[in-house]
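> need coordinates for the following:
(one chain, ligands or ions: 1)
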Amino acid sequence: MNSHTVDMPTTTLTNADNKITYDAIIVGAGVIGPCIAAGLARKGKKVLIVEREWAQPDRIVGELMQPGGVRALRSLGMVQSINGIGAIPVTGYSVFYDGQEVDITYPYKADCARVEKVKDLVKDGNDKVLDDETIHTSEYEDDERERGVAFVHGRFLNNLRNIARHEPNVTALQGDVIQILKNDKQEVIGAKVDIDGRGKVDFHAHLTFVCDGIFSHFRSELSPEHVPSIGSSFVGMSLFDADVPAKNHGHVILGHNHMPILVYQISAEETRILCAYNSGKLPKDLKGWMTKDVQPFIPKSLRPSFDAALAQGKFKPMANKYLPARANDVTGLCVIGDALNMRHPLTGGGMTVGLQDVVLLMDKIGDLDFSDRETVLDELLDYHFERKPFDSVINVLSIALYSLFAADTKNLKELQKGCFKYFQRGGDCVNVPVAFLAGLKPSPFQLTRVFFAVAFYTIYLKFEERGFLGLPMALLEGLMILITAVRVFTPFLLGELIG
Ligand SMILES: Cc1cc2nc3c(=O)[nH]c(=O)nc-3n(C[C@H](O)[C@H](O)[C@H](O)COP(=O)(O)OP(=O)(O)OC[C@H]3O[C@@H](n4cnc5c(N)ncnc54)[C@H](O)[C@@H]3O)c2cc1C
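Sure thing, here's the model as predicted:
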């Protein structure tokens, strides 16, 4: 284990000074908060980061980071947070459809933009991964292809938090933020924190970052309408000593008669399985549902570990939420991470979007004087538009793929099958889609092109299946498939780009 895995002492966690004005207060030390804290501290800002629980959390979220997220960590000089935690390198995905398999490898580095090094943040080689028991420097630095990584979320969070807390300009505080403070012009001036043994204390800052995550209380500071929608759930389990079909790959298990199932190894011992359920409200008898609607579709090599986990019945359900971003248009406030923007976790893009946002944010405002709140606000408004090419691709891809993979209508099922057959063609039919998934191709235009290429390929397959005599029927079916594709894709893309 590396130095970052040594927990910081907890005695100082309640002493933060409330007499000074910080440059920044950060609400939440999940994935995003510590990266902002460390970045701003390295830029010379005085930062207070408030987290309600600094002890290592046990969550099933954020366990597979796409290569785009790893690259963002490099840009921020925080990539060594994947070291010393028994992390598992990820080199691509394997997609199973009714028992058939397609293996997809992440793109070549040569086909991707160069990794940016954010000024003042990258130093002393902190943009390079270190050698440890499971991560090899040579593989990450010298491999010709991009790599992602999977890990136990809490261990990764500990590393991020410790990197932030090692920065001399960072003060860490344990407490529950209960209010965002405002002046009489409704501008944000800090946060009220409920601290064990100190009571409710006001802290002031030029800029307050809200990164309180999935269940954010304070995202509504942007607008009362900034509320996520819930369309589906995942039921997670831990598989132990699982024999995964494709080592170092994420697994997406699809079929015409079941919901998508995700499987990825997160440590030497533990493999995460997430089973999709097409509603935010889960069945009462989870075990019964898993036995009937999931177990029969689990690949043979995984069955022993799956069956053991099912027998134990330790289910971890999680609602999947969608929330398009809003502009940060309140003086003194910046909402970021899942508090700002969420997508379907099927494609494992949440951390990548959030971390890329931090990179962009550091470029936009990192060198500004935060007491000049008008200039900061202007830059935050620009940032809303500049982040769109990147986040819209990951967000729309997640929603569109979930609609196809969880197909519950005839036309969606056709698109699902067409999508898999499109992948089976290989070449650019997998290389381009995987670049979107990996967070390496920020081009909504190209995403649109590929999505409709899949739709037209599905229609072509229909024509082939029907033959000459079935032409009128195939024409009608083709039209319905096209309409379905437009409905699944277009509203989300427009919502992301115009909103
Ligand atoms: C089922 C599921 C699976 C997912 N899997 C993946 C994946 O494989 N890959 C991926 O990239 N993304 C994944 N995601 C998304 C990913 O987890 C998020 O994008 C990421 O965690 C967002 O980071 P964040 O810092 O914004 O919020 P969080 O990580 O949620 O952190 C928020 C922090 O704020 C703290 N906090 C909240 N309120 C307060 C308060 N009032 N006072 C003080 N502290 C507070 C919390 O304790 C927490 O530490 C998944 C999401 C779900 C739902």
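
> which bits of this protein sit near the ligand?
Residues of the chain lying near the ligand by CB under 6 Å from any ligand atom: 27-33, 50-53, 60-65, 69, 176-177, 211-214, 217, 234, 318, 320, 337-339, 345, 348-352, 354. No exception for glycine: its C-beta is placed from N, CA and C like everyone else's.

> point out where the stretch 351-499 of the chain drops to low pLDDT.
Along the stretch 351-499 of the chain, no part satisfies pLDDT under 70.

> taking it, what residue is nearest to the ligand?
In the stretch 351-499 of the chain, no residue comes nearer to the ligand than M351, which is 3.2 Å away by CB to the nearest ligand atom.

> can you confirm T291 is in a helix?
Yes: T291 sits within a helix when classified using DSSP: H, G, I helix; E, B strand; the rest coil.

> ok, for it, nearest residue in space, not its chain neighbours?
Nearest residue to T291, sequence neighbours excluded (CB to CB, 6 or more residues apart in numbering): L310, at 6.8 Å.

> helices or strands next to whichever strand or helix holds that neighbour in the packing?
Element membership for L310 (DSSP states H and E) is helix 303-312. Helix 303-312 is packed against strand 229-240, strand 270-277, helix 286-293, with contacts defined by 3 or more CB pairs under 8 Å, 6 or more residues apart in numbering; DSSP states H and E.

> dump the ones you listed to CSV, plus mean neighbour count and mean pLDDT.
Formatted as CSV, the helices and strands packed on helix 303-312 follow (neighbours: other CB atoms under 10 Å; pLDDT from 0 to 100):
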stretch, mean neighbour count, mean pLDDT
strand 229-240, 19, 94
strand 270-277, 23, 97
helix 286-293, 15, 96
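
> looking at the ones you listed, spot the one closest to E133.
Among the helices and strands packed on helix 303-312, strand 270-277 comes nearest to E133, with 15.1 Å by CB to CB.

> give me the neighbour count for the closest residue to the ligand within the chain.
The nearest approach of the chain to the ligand comes at G30, 1.7 Å away (CB to the nearest ligand atom). Using other CB atoms under 10 Å, G30 is surrounded by 25 other residues.

> using the three-state scheme, assign it.
Following three-state DSSP, the label given to G30 is coil.

> thought it was touching A339?
No: under the criterion of CB atoms under 8 Å, G30 makes no contact with A339, lying 9.5 Å away.

> find the residues that touch each one of these two.
211-213 (CB atoms under 8 Å, 6 or more residues apart in numbering).

> want to throw those into a markdown table with pLDDT?
Listed next are the shared contacts of G30 and A339 as a markdown table, based on pLDDT from 0 to 100:
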| residue | pLDDT |
| --- | --- |
| C211 | 98 |
| D212 | 98 |
| G213 | 97 |
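
> between the residues you listed, which has the most around it?
Neighbour counts for the shared contacts of G30 and A339, by other CB under 10 Å, peak at C211, which reaches 29 neighbours.

> need the phi and psi values for L323.
phi -150, psi 110 (degrees, to the nearest 10).

> show me what contacts it?
By CB under 8 Å, 6+ apart, the contact list for L323 reads 219, 226-229, 338, 340-342.

> put the buried members of the residues you listed into a ChimeraX selection.
Buried residues among the contacts of L323 (16 or more other CB atoms under 10 Å), as a ChimeraX selection:
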select :219,226,228,338,340,341,342
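
> now do stretch 322-330: distance from first to last residue.
Taking CA to CA, to the nearest Å as the measure, stretch 322-330 stretches 22 Å from start to finish.

> and stretch 309-321, what's its mean pLDDT?
For stretch 309-321, mean pLDDT is 95.

> residues touching the residue nearest to T291, list them.
L310 makes contacts with 237, 287, 290-291, 295, as judged by CB under 8 Å, 6+ apart.

> ok, G99 next?
Residues counted as contacts of G99 (CB under 8 Å, 6+ apart): none.

> wait, E139 touches P89, no?
Yes: in this structure, E139 is within contact of P89 by CB under 8 Å, at 6.3 Å.

> neighbour-wise, which of the two wins?
P89 (19 against 15).

> residues in contact with the helix or strand where that one lies: which ones?
Assigned by DSSP H and E, P89 belongs to strand 88-90. Outside strand 88-90, the residues that touch it by CB under 8 Å, 6+ apart are 64-65, 106, 134-136, 139-140, 147-151, 248-250, 264-268.

> now stretch 137-150
With contact meaning CB under 8 Å, 6+ apart, stretch 137-150 is reached by 63-67, 69-71, 82, 87-91, 105-110, 112, 128-131, 135, 250, 264-266, 272, 438, 440.

> quick check: domain ranges of the chain?
The chain breaks down by automatic domain parsing into domains covering 3-91+112-226+323-388, 230-322, 391-498.

> in JSON lines, list those along with distance to D98.
Listed next are the domains of the chain as JSON lines, based on distance: least, CB to CB, whole Å:
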{"stretch": "domain 3-91+112-226+323-388", "distance to D98": "18"}
{"stretch": "domain 230-322", "distance to D98": "5"}
{"stretch": "domain 391-498", "distance to D98": "8"}
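
> this completes my enquiry, with thanks.
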